[in-house]
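Colleague: this one's sequence-less:
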């Protein structure tokens with residue numbers, strides 16, 4: 001890649017859960033970088049398996065020679081990936097007779113010409129640009145739909161008893177719906193992917209404050225996880241961070 005990128009990723013069990021149902025990884029070759037974060041659901045017998053299936057499938061599809069000439073090529077690769085994982089998890093759930101097995105999934109493909117985001121569930125992707133943090137994915141939750149319909153406020157959504165109730169998840173249904181978007185000619189300082197173990201406990205402004213410090217990417221990831229755990233650590237928390245060096249995008 002022509003960009004000079006710094007990146008780090010980490011998952012933490014938190015302070016309450018007895019096992020980790022998150023899975024996260026960053027893949028890179030000379031042409032691109034791919035960020036992946038998944039938050040499984042279905043309990044110990046299924047949730048962690050569903051999340052890890054996503055990482056395994058990406059690892060199988062990603063190699064040193066993989067490259068995309070156009071954003072459409074990247075979109076086709078992502079679409080195949082999402083549908084393959086969805087089918088594998090759905091089949092696994094039927095095999096073990098697991099109720100409501102599935103996972104969130106956010107995949108971000110970074111090339112020198114474009115950045116592509118694809119997501120399902122409530123794990124998030126953010127971009128940091130011009131000292132502002134912007135969420136670029138949409139939470140596929142029951143409460144988010146209520147907010148968008150004007151039925152409850154953002155403040156009420158944060159304490160709603162069904163705030164974590166997913167409307168969409170990978171592998172939960174035989175058919176699949178996911179969101180997709182591409183940025184071209186981009187100027188961003190950083191991209192952050194995370195599970196709701198972070199965003200459920202740490203406000204966006206707190207995340208922004210950490211990202212704007214001069215610390216290394218690895219230190220920033222550790223500090224964000226520490227903030228989530230200091231606020232109760234009620235869930236597993238996973239974070240992937242990619243930072244762009246100044247002047248690295250042609």
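Modeller: Done, it's in. What you see is a predicted model; the values in this text were computed from it and never measured.

Colleague: list of residues touching stretch 191-199?
Modeller: 12, 14, 22, 24, 35-37, 39, 104, 106, 108, 110, 115, 122-128, 133, 164, 207, 211, 224-225, 228, 233-242 (C-beta atoms under 8 Å, 6 or more residues apart in numbering). All C-beta atoms are positioned from the backbone trio N, CA, C, and that covers glycine.

Colleague: of the residues you listed, which belong to strands?
Modeller: Among the contacts of stretch 191-199, the members falling in strands are 12, 22, 24, 35-37, 39, 106, 108, 110, 115, 124-128, 133, 237-242 (criterion: DSSP state E).

Colleague: low pLDDT regions in this protein?
Modeller: 1-3, 43-45, 98-99, 142-164, 246-250 (pLDDT under 70).

Colleague: the strands in it, which residues?
Modeller: Under DSSP E, the chain gives strands at 5-12, 22-28, 33-41, 102-103, 105-110, 114-120, 124-129, 132-135, 179-184, 190-194, 237-244.

Colleague: residues in contact with the closest residue to residue 113 other than its chain neighbours?
Modeller: Nearest residue to residue 113 in three dimensions, chain neighbours excluded: residue 184, at 6.8 Å (C-beta to C-beta, 6 or more residues apart in numbering). By C-beta under 8 Å, 6+ apart, residue 184 lies in contact with 71, 113-114.

Colleague: what is the burial count for residue 134?
Modeller: Neighbour count of residue 134, defined by other C-beta atoms under 10 Å: 13.

Colleague: whoops, residue 30 was the one
Modeller: Neighbour tally, residue 30, other C-beta under 10 Å: 10.

Colleague: and it, how close does it get to residue 67?
Modeller: 8 Å (C-beta to C-beta, to the nearest Å).

Colleague: what's the most buried one of the strands of the chain?
Modeller: Of all these, strand 102-103 carries the top mean neighbour count, a mean of 30, counting by mean count of other C-beta atoms under 10 Å.
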